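below: sequence and its predicted model.
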Amino acid sequence: MREGGNFLIVEVNNTRRPDGVPGMRFDWWSYGGITRDVELVEVPETFIQDYWVQLARGSQNEISGWVQLNGAQARQQVTLEIPEAHVREVLKPDFGGLATFRIPAELELWSPEHPQLYDVVLKSGDDVIHDQIGFRTIEVQGAKILLNGKPIFLRGISMHEEAPFREGRAFSAEDAQTLLGWVKELGCNFVRFAHYPHNENEIRLADRMGLLVWSEIPVYWDIDWSNPATLANAQAQLRDMIARDHNRAAVVLWSLSNETPVKPERLTFLTQLAQDARELDSTRLITSAMNHVDDTGPNERTFRDPLGDVLDVLGLNEYLGWYWGRPEDADKMQWKSGWSKPLIVSEFGGGAVAGRHGEADERWTEEYQDSLFQHQLAMVEKMPGLAGITPWVLMDFRSPARMLPGVQDYHNRKGVISNRGQRKLAFYMLQRFYRKISEGGAQSH
């Protein structure tokens, strides 16, 4: 930087490569250019580079974490304050600028019903950072997910980072308010941000609104599993996702992949990512969306995938009634699981053109989609270990793979809301289902 005028020139190359993450095949629109905010941040010579302020693992009344300084005076003291909780701690970094801490604190815990955020203040020299942070625990007990020590059923929906009412990537605070407003209107306490880390406006708003979040990197379908450069790319994306959002109470699940094929090199690749995620963040749960099932009877499916052994929570994508079978086949379908772990049905659904009506057995009508949801919801309720669902998908979105003229027109039409904000019949079906669960009392299912 120099006094007076400065130029910053950025070249962006969005060309897809066979060794990329994702690779050459993906089912959403890859908008080009810079699709998010860019900020230039001025900092002192020695500044706070990063920090982690969360509840200590397994505790509801202790805060632990670290602060990392960068600069010549990397050993200057750091002050951590949470005024509302009467916390003030002076930290002394080591020679590498890292200060760790573990201190008692009486806090109101963050939850969907009570998304309490505290003003956390970090000071070191001339650098002062204010952040809004919530404190909660998330863990697994058998086939249950526990939030703050209590079982919770995740009433969710999947969504893409697609702008409502216009073509393009969602990026602004207004976009986030519209999309997550629809999520709340559905009655959700949970949202799956597919299939890549979403912009920070959405993550921050989820914190304030009390929406639990599944956050994912785009290890999607089949990629170059044996290529070290491809693994390094995925590891970098995982590291960046966790580094940006590790203080967000809303994020409870790191997802490694979506619908990847069962083969040894894929298992080695994803096992490494699971190990990396746990080393980077031991406080959250690890999942993946899988779709490998075995036909173990005429009306029986068994969910088996060796990847399930390395996950805390299982994700299952299944499209009975759309890509195979009829919606009513769900009525007699029995599901078995190869594990005693929590299960999230991370995708189910079918396409419907908003405003297109017909008989319940006529595909692409709102009535067909509504019927499919009705049969699916009755089926998934009986699945072993069910801890939540995120049906596919909140809003119609653009995709180069969806080419049917007059029906898709390069859009995936599985949204319960159109990209013009029209609520389809399935929206109200899912809303009633979540209302029934919510009014039934309890957090657990």
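It's in.

helices of the protein, start to end?
173-186, 200-209, 228-245, 264-280, 366-380, 425-439 (DSSP state H).

tell me which of these is the most buried.
Among the helices of the chain, ranked by average contacts under mean count of other CB atoms under 10 Å, first place goes to helix 366-380 (a mean of 23). All C-beta atoms are positioned from the backbone trio N, CA, C, and that covers glycine.

from residue 288, how far out is residue 220?
11 Å (CB to CB, to the nearest Å).

what residues are shared contacts of those two?
257, 258, 260 (CB atoms under 8 Å, 6 or more residues apart in numbering).

restricted to strands, list these.
Those of these mapping onto strands are 257, 258, per DSSP state E.

who has more neighbours out of residue 220 and residue 288?
Neighbour tally, residue 220 and residue 288, criterion other CB atoms under 10 Å: the higher count belongs to residue 288, 26 against 22.

so who does that one touch?
So residue 288 contacts 255, 256, 257, 258, 260, 270, 307, 311, 315 (CB under 8 Å, 6+ apart).

and for residue 156?
By CB under 8 Å, 6+ apart, the neighbours of residue 156 are 188, 189, 190, 191, 192, 212, 214, 344, 388, 389, 390, 391.

give me every residue that touches the first one.
For residue 188, the residues meeting the contact criterion (CB under 8 Å, 6+ apart) are 155, 156, 157, 211, 434.

so which of the helices of the chain comes closest to residue 122?
The closest of the helices of the chain to residue 122 is helix 228-245. By CB to CB, the value is 16.0 Å.

other residues contacting the closest one?
Residues contacting helix 228-245 (CB under 8 Å, 6+ apart): 19-21, 50, 197, 200, 203, 215, 217-219, 223-224, 251, 254, 256, 269, 272-273, 276-277, 280-281.

picking that back up, can you say which two of the contacts of residue 156 are spatially most distant?
212 and 391 (15.7 Å).

per-domain residue ranges of this structure.
47-135, 140-439 (automatic domain parsing).

now, of those, which is deepest in the fold?
Scoring those by mean neighbour count under mean count of other CB under 10 Å gives domain 140-439 as the most buried, with a mean of 19.

wait, what's in contact with residue 159?
With CB under 8 Å, 6+ apart, residue 159 has these contacts: 179, 183, 191, 192, 193, 194, 393, 394, 395.

any idea how far residue 392 is from the third one?
It stands for residue 191. 12 Å.

which neighbours do the two share?
In contact with both residue 191 and residue 392: residue 158, using CB under 8 Å, 6+ apart.

which one of the contacts of residue 288 is nearest residue 379?
The closest of those to residue 379 turns out to be residue 315 (CB to CB; 16.8 Å).

I figured that closest one hits residue 255, correct?
Yes: Residue 315 lies in contact with residue 255 (CB atoms under 8 Å); the separation is 6.9 Å.

mutual contacts of those two, please.
The contact lists of residue 315 and residue 255 share 287, 288, 289, where a contact means CB under 8 Å, 6+ apart.

now, which of those residues sits nearest residue 162?
For the shared contacts of residue 315 and residue 255, the nearest to residue 162 is residue 289 (18.3 Å; CB to CB).

where does that closest one land on pLDDT?
pLDDT, residue 289: 98.

list the contacts of it.
Contacts of residue 289 by CB under 8 Å, 6+ apart are 194, 216, 255, 257, 258, 259, 315, 316, 317, 346, 347.

again, only this time at 7 Å
Counting by CB atoms under 7 Å, 6 or more residues apart in numbering, residue 289 makes contact with 255, 258, 259, 315, 317, 346, 347.

take the residues you listed and lay them out in JSON lines including pLDDT and distance to residue 142.
As requested, the contacts of residue 289 are exported to JSON lines (pLDDT from 0 to 100; distance: CB to CB, whole Å):
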{"residue": "255", "pLDDT": "98", "distance to residue 142": "21"}
{"residue": "258", "pLDDT": "98", "distance to residue 142": "26"}
{"residue": "259", "pLDDT": "98", "distance to residue 142": "26"}
{"residue": "315", "pLDDT": "98", "distance to residue 142": "18"}
{"residue": "317", "pLDDT": "98", "distance to residue 142": "23"}
{"residue": "346", "pLDDT": "98", "distance to residue 142": "20"}
{"residue": "347", "pLDDT": "98", "distance to residue 142": "24"}
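
save those residues as TSV, and put in distance to residue 34 too.
Shown next, in TSV, are the contacts of residue 289 (distance: CB to CB, whole Å):
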residue	distance to residue 34
255	25
258	25
259	28
315	31
317	31
346	30
347	30
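
taking these one by one, which sit in strands?
Per DSSP E, those map to strands at 255, 258, 315, 317, 346, 347.

ok, those residues vs residue 30, which is closest?
residue 258 (15.3 Å).

beta partners for the closest residue in space to the closest one that isn't next to it in sequence?
Spatial nearest neighbour of residue 258, excluding adjacent residues (CB to CB, 6 or more residues apart in numbering): residue 289 at 4.5 Å. Note on residue 289: beta-bridge partners by DSSP bridges are residue 258, residue 315.
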